[in-house]
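> A predicted structure for the sequence below; I have some questions about it.
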Amino acid sequence: MGLGSCYTCIKYLMFAFNFLFWLLGMAILAIGIWVRVDPNFSQYMDQTVSSNPTYVAAYLFIAVGCVVVVIGFFGCCGAIRESQCLLGLFFISLFIIFCVLLGAGIYCVVQKDSIKDLVGDFLQKSVDDYSERQQAKEAMDNIQKNLECCGAKTGSADYAIVPGVPDTCKPVNYKRPCVEKLFKILSSHLIIVAGVAIGIALIMILGMIFSMVLCCAIRDVNA
């Protein structure tokens, strides 16, 4: 009787965990959509460039959110149906995502300068196309007006002699490249991303523990 009570408790804890995990997946999905549609992000970006950092991050979050929602569904089904196969699949999926998140977090920490260079290259592309594409012109004008900066990585020198430095690039800001200020804004949003990632990682560890304990309990009951 004691084993049955313990097994039932573990089963419902597992179901509750997966419901929370499913909600987190929805939260990740919502963050991805928010980054994609929020004008506070897009106003500083040339939306015609496929390597737009904000869009890349948005689509990554949307993809991860969808995967987490599906995995949470598998976990719920495994707990309700008492399926060792589904619980094992749930454990493996959690472990893979945990490793990916851990690797991505470490990469972001040790490659911070590389991310900054990526933002700088993106800005330089818009600077180079300033006189050729309206989207690039609008993006750089917004950045230079609102952030009080000029150019991409070095300042006004980033612009070619012809047609010259645009009017939105004020003389007082000639030595203030936009990569520094734009990267600062993007970094501030990483706090939200980091908080969500840490929460997900901790919950994933609990999920892996619960799934293995429940698998063992099912095996003992069926033995």
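Received, thanks.

> was I right to think Phe98 contacts Ala201?
Yes. The criterion here is Cβ atoms under 8 Å, and Phe98 meets it with Ala201 at 6.3 Å. Where C-beta positions appear, they are placed from N, C-alpha and C, glycine not excepted.

> so those two - more neighbours on which side?
Each of Phe98 and Ala201 has its neighbours counted (other Cβ atoms under 10 Å); Phe98 has more, 17 against 14.

> so who does the more buried one touch?
Taking Cβ atoms under 8 Å, 6 or more residues apart in numbering, we find Phe98 in contact with Ala201, Met204, Ile205, Met208.

> repeat for Asn173
Gln144, Glu148, Cys149, Cys150, Gly155.

> in TSV, list those residues along with secondary structure, neighbour count and distance to Cys169.
Putting the contacts of Asn173 into TSV (DSSP: H, G, I helix; E, B strand; the rest coil; neighbours: other Cβ atoms under 10 Å; distance: Cβ to Cβ, whole Å) gives the following:
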residue	secondary structure	neighbour count	distance to Cys169
Gln144	helix	22	5
Glu148	coil	13	10
Cys149	coil	24	8
Cys150	coil	28	4
Gly155	coil	18	8
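
> these: which two are farthest apart?
Within the contacts of Asn173, Glu148 and Gly155 form the most distant pair, 12.2 Å apart (Cβ to Cβ).

> centroid residue for this protein?
Phe61 (4.5 Å; Cα atoms, centre = their mean).

> ok, back up a step: mind checking which of the contacts of Phe98 are buried?
Burial by neighbour count, 16 or more other Cβ atoms under 10 Å: within the contacts of Phe98 this picks out Met204, Met208.

> what's the closest of the contacts of Phe98 to Leu86?
Distances from Leu86 to the contacts of Phe98, taken by Cβ to Cβ, are shortest for Met208, at 14.3 Å.
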